[in-house]
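S.K.: When you get a sec, could you give me coordinates for this:
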Amino acid sequence: MYFHMDFKPLIKSAYYQTVIGTAIDFELELSSRTHYVKLADGDIIAAEISTPKGWKKTDSTVVLVHGLCGSHRSHYMKRIGRRMVRCGARAVRINLRGCGTGRGLARGIYHSGCSLDVEAVVRDLKRLTPESRIVLGGFSLGANVVLKLAGELRDEGEKLLAGTIAVSPPVDLLSSARLFMRKENQVYARYFLRLLMHDVNFIHSHFSDLPPHNLPPFLTLNDFDELYVAPRAHFSSALEYYHRCSAKNVIPNIDVATKILFAKDDPIICESSIDVLRLPPKVHVYKTEHGGHIGFLGRDFFKKFRWMDHVFEMWACEMLGLVKGNNSER
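M.R.: From the prediction side, this is the model:
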């Protein structure tokens, strides 16, 4: 089902929603302990776990997955993690391969289709606390990964998850790659490429057995996917990577309560890509006219300035039966 959400933006410019939403970060680090999960190929993922006072193994858990070049330290991960702890849920912020506190622990790379890595963390949490109900949420690249995993799990999804939440997911990776090529979006492309190359240089210097990457000095994001991501992730080309890792291919298979949030003016996500899909009954898509990419800065400075956070908290509490902001359960 598709719904329109009434969001009153602080500013209607998608550019400023995106840039200001990323740049403003006054959030203090969320107290946590690091939990390590070993993957099948020997790489290790680190997750930061923040647990409310008095939390029991039968209480709820919210697992968060960051976007491209993010980590557990990303502003939205800290903000929403803190909100969920206040609601009484354990907050688990996954660092995808090589990110955050997992830096230097993975020879492999993360990418838009790394759903098996996230599944490994969720299953490990389920093994340790089988009675804890889990909501899995993702942002941008992480949102695509979350939806891809939910679709791959099919009817097994409800055994692992109480629900999934996806904010600004690039469900059609090829369309997003094309949007990055637009002249007006080069500021975003250059920003991500700078961070990606920093990560690549670190990986190849840290793991001496990896060959030099030999990437040319001037790249587009599509070049990066073609020359680096695709071969390292065992795809024949960027086009195969985009096709096989786009969540739109498996969204019709989702059988767990799922809520997806898009802004129609998102500069790097084609929100209409999902419109052609046959949505299963448990998948609800919500769209706003404005909000940019992971922006959603509202007019109400005191209650809903970070409007996205408010919506995520509301949805997660609904899925888990929590009292919003009350640090207790119904």
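S.K.: in the protein, which spans are helices?
M.R.: 14-23, 75-86, 115-128, 141-153, 157-160, 173-180, 186-206, 221-224, 230-232, 238-245, 307-320 (DSSP state H).
S.K.: Would you reformat those helices as JSON lines and include mean neighbour count, mean pLDDT and distance to L39?
M.R.: Placement of C-beta: from N, CA and C, glycine included. Formatted as JSON lines, the helices of the chain follow (neighbours: other CB atoms under 10 Å; pLDDT from 0 to 100; distance: least, CB to CB, whole Å):
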{"stretch": "helix 14-23", "mean neighbour count": "18", "mean pLDDT": "91", "distance to L39": "29"}
{"stretch": "helix 75-86", "mean neighbour count": "22", "mean pLDDT": "96", "distance to L39": "21"}
{"stretch": "helix 115-128", "mean neighbour count": "17", "mean pLDDT": "98", "distance to L39": "6"}
{"stretch": "helix 141-153", "mean neighbour count": "27", "mean pLDDT": "98", "distance to L39": "14"}
{"stretch": "helix 157-160", "mean neighbour count": "16", "mean pLDDT": "94", "distance to L39": "17"}
{"stretch": "helix 173-180", "mean neighbour count": "20", "mean pLDDT": "97", "distance to L39": "22"}
{"stretch": "helix 186-206", "mean neighbour count": "15", "mean pLDDT": "96", "distance to L39": "16"}
{"stretch": "helix 221-224", "mean neighbour count": "18", "mean pLDDT": "96", "distance to L39": "23"}
{"stretch": "helix 230-232", "mean neighbour count": "16", "mean pLDDT": "97", "distance to L39": "15"}
{"stretch": "helix 238-245", "mean neighbour count": "19", "mean pLDDT": "98", "distance to L39": "17"}
{"stretch": "helix 307-320", "mean neighbour count": "21", "mean pLDDT": "97", "distance to L39": "26"}
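S.K.: between these, which one is nearest to S272?
M.R.: Among the helices of the chain, the nearest to S272 by CB to CB is helix 173-180 (8.7 Å).
S.K.: what's near enough to touch the spatially closest residue to V250 that is not a sequence neighbour?
M.R.: Distances taken as CB to CB, 6 or more residues apart in numbering place G151 nearest to V250, at 2.7 Å, with adjacent residues excluded. Counting by CB atoms under 8 Å, 6 or more residues apart in numbering, G151 touches A247, N249, V250, I251, P252, N253, I254.
S.K.: Ok, which of the helices of the chain comes nearest L105?
M.R.: helix 186-206 (9.7 Å).
S.K.: ok now the closest one, how far from the chain's centre?
M.R.: 19 Å (CA atoms, centre = their mean, to the nearest Å).
S.K.: thinking again about what came up before, in JSON lines, list the helices of the chain along with distance to L261.
M.R.: Listed next are the helices of the chain as JSON lines, based on distance: least, CB to CB, whole Å:
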{"stretch": "helix 14-23", "distance to L261": "14"}
{"stretch": "helix 75-86", "distance to L261": "12"}
{"stretch": "helix 115-128", "distance to L261": "19"}
{"stretch": "helix 141-153", "distance to L261": "9"}
{"stretch": "helix 157-160", "distance to L261": "19"}
{"stretch": "helix 173-180", "distance to L261": "16"}
{"stretch": "helix 186-206", "distance to L261": "19"}
{"stretch": "helix 221-224", "distance to L261": "23"}
{"stretch": "helix 230-232", "distance to L261": "29"}
{"stretch": "helix 238-245", "distance to L261": "20"}
{"stretch": "helix 307-320", "distance to L261": "6"}
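S.K.: Looking at the ones you listed, spot the one closest to E271.
M.R.: helix 173-180 (9.7 Å).
S.K.: Low-confidence stretches in the stretch 201-330 of the chain?
M.R.: For the stretch 201-330 of the chain, the stretches with pLDDT under 70 are 325-330.
S.K.: mind listing the strands for it?
M.R.: Using DSSP state E, counting those that start in this stretch, the strands assigned to the stretch 201-330 of the chain run over residues 258-263, 283-288.
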